[in-house]
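Student: Model the structure of this input:
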Amino acid sequence: LDTMSEAQIYVKLSEEKLIPKSDILSLLRTYNCYHEGKNFQLRTREEDGEFILEGLLNIHWGLRRPIRLQMYDGNERFRPNRWGSCSGSVWRSGAKKGAQSLSYGSVTNVRVNSSMTTGQVLNLLLHKPGDDAGVPEEDDCPQLLRTRSDASFVHIQRRTKIRSARDLQRLRTHRFSINGHFYNHKTSVFTPAYGSVTNVRVNSSMTTGQVLNLLLHKFRVENKSDEFVLYMVHESGERTRLRDDEHPLVTRVLHGPCEKISKILITEADLGEEVTYDVAQYIKLEIPVLDSFVQKLKEEEEREIKKLTRKYSALKAMIQHQLEDRACPSDRA
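Tutor: Reported below is the predicted structural model:
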């Protein structure tokens, strides 16, 4: 009974093609053995009578034109407070700690002696260690970090940059980069290095369109998914487009685990083209060899042209002869 039930379970390659579970399991053992000890081993589960594979899928960048990264990704950002002018917002931010001692009627004290003038006492009061009093002049702005008051301000500012491990993990989970490119105004539009590889976590029930959407969402690519297509590219040069209803993870398993032999490539929808096996077997040949093939094809073409010319010339002569024979009795009459 178990054998019969397993034989009735299929895995979808596309809407029209189904693969028996037993065949997939055989290929899966080879696939996971190849990736033993790595994160690319696939796991299986059954859900509502459907056999599902899930795991990481490598996709190689094959774009020729730039892509755009989204400016905002909808996540909360940890931004330090901006530094305002020295006599304005920065001073107010830095003086929060000492604001209570500067309130009207508050009392402070300094150690003086009888020889000190009024100006010296004022200077001593304004520069008393530990106090944040005194408004700096505009000319002193570049030197704010040298005073104790300003150092305490920097401490307050830097405190906002501290992120917990959970926050850092959340940012890593929700924001990725392509070869180190996050969004900024200088590198927000760029072309990923051709042939560089990335990966997404998918399952065998996801179609080509869903995998493309997941990939673009992971990197916050602003371009629409219908601008791109996926190809299965073979070492021989053969390129087969993955149809919209095809399941890339199942296709990957069917073509084996080694990406030197075959790999999935993302490219522009209007620039990619399929290359059949018959054409691909000539692509990697040397130019002199290809030239000799072309010469032989030309010679064969000329022979065929001469053959067809002789054939139709003979038919033409035969038809003309028949027409002349039919015309002769009428002339005699």
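Student: Confidence-wise, which helix or strand of the chain is lowest on average?
Tutor: helix 89-94 (a mean of 40; mean pLDDT, DSSP states H and E).
Student: I'd like the distance from the very next helix or strand once past that one to the chain centre, please.
Tutor: Once helix 89-94 ends, the next helix or strand along the chain (criterion: DSSP states H and E) is helix 118-126. Centre-to-centre, helix 118-126 and its host chain are 63 Å apart (Cα atoms, centre = their mean, to the nearest Å).
Student: With just CA atoms, put helix 118-126 into PDB.
Tutor: Written as PDB, here are the backbone C-alpha positions of helix 118-126 (Å, rounded to 0.1, in the frame of the first residue of the first chain):
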ATOM      1  CA  THR A 118      35.100  90.400  38.000                       C
ATOM      2  CA  GLY A 119      36.000  89.200  34.400                       C
ATOM      3  CA  GLN A 120      38.200  86.400  35.800                       C
ATOM      4  CA  VAL A 121      35.400  85.200  38.100                       C
ATOM      5  CA  LEU A 122      33.000  85.200  35.100                       C
ATOM      6  CA  ASN A 123      35.500  83.200  33.000                       C
ATOM      7  CA  LEU A 124      36.000  80.800  35.900                       C
ATOM      8  CA  LEU A 125      32.300  80.400  36.300                       C
ATOM      9  CA  LEU A 126      31.600  79.700  32.600                       C
END
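Student: List the buried residues in that helix.
Tutor: By 16 or more other Cβ atoms under 10 Å, helix 118-126 has no buried positions at all. C-betas here are computed from N, CA, C, even on glycine.
Student: Start at 35, not 1
Tutor: Got it, the first residue is 35 from now on, which makes the last one we talked about helix 152-160.
Student: Which strand residues bridge His94?
Tutor: On the basis of DSSP bridges, His94 is bridged to Val231, Leu299.
Student: what's the burial count for Ile93?
Tutor: Residues near Ile93, counting by other Cβ atoms under 10 Å, number 20.
Student: scratch that, Ser230
Tutor: 11.
Student: what does Cys292 give?
Tutor: Here the count is done by other Cβ under 10 Å, and Cys292 has 11 residues near it.
Student: how would you label it: helix, strand or coil?
Tutor: coil (DSSP: H, G, I helix; E, B strand; the rest coil).
Student: Excluding residues flanking it in the chain, which one is nearest it?
Tutor: Sequence neighbours aside, Tyr68 is the residue nearest to Cys292 in space, at 6.8 Å (criterion: Cβ to Cβ, 6 or more residues apart in numbering).
Student: Quick check: the gap between the nearest residue to Gln315 once chain neighbours are set aside and Val309.
Tutor: Of all residues not flanking Gln315 in the chain, Ser270 sits nearest, at 6.4 Å (Cβ to Cβ, 6+ apart). According to Cβ to Cβ, to the nearest Å, Ser270 and Val309 sit 9 Å apart.
Student: How about Gln75?
Tutor: For Gln75, the distance to Val309 - Cβ to Cβ - is 31 Å.
Student: Isn't Lys297 up against Leu91?
Tutor: No. Counting by Cβ atoms under 8 Å, Lys297 stays clear of Leu91, with 10.7 Å between them.
Student: in a helix, that's where Leu59 is, yeah?
Tutor: Yes. The assignment for Leu59 is a helix, going by three-state DSSP.
Student: I'd like to know how many residues surround it.
Tutor: Count around Leu59 with other Cβ under 10 Å applied: 13.
Student: per-residue confidence at it?
Tutor: The score at Leu59 is 92. That number is its pLDDT.
Student: So which of Ser270 and Val309 has more stuff around it?
Tutor: Val309 (17 against 14).
Student: Next up, the contacts around that one.
Tutor: By Cβ atoms under 8 Å, 6 or more residues apart in numbering, the contact set of Val309 is 271-273, 317.
Student: how about the strands of the stretch 135-284 of the chain, start to end?
Tutor: With DSSP state E, counting those that start in this stretch as the criterion, the stretch 135-284 of the chain has strands at 223-224, 231-237, 262-268, 273-275.
Student: Of the ones you listed, which stretch is the most buried?
Tutor: The highest average neighbour count among the strands of the stretch 135-284 of the chain, using mean count of other Cβ atoms under 10 Å, belongs to strand 262-268 at a mean of 21.
Student: out of the contacts of Val309, which are inside helices?
Tutor: For the contacts of Val309, the ones inside helices are Ile317, with DSSP state H as the criterion.
Student: Would you convert the contacts of Val309 into a markdown table that also reports pLDDT and distance to Lys350?
Tutor: Output for the contacts of Val309, formatted as a markdown table (pLDDT from 0 to 100; distance: Cβ to Cβ, whole Å):
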| residue | pLDDT | distance to Lys350 |
| --- | --- | --- |
| Gly271 | 86 | 45 |
| Glu272 | 89 | 45 |
| Arg273 | 91 | 46 |
| Ile317 | 74 | 43 |
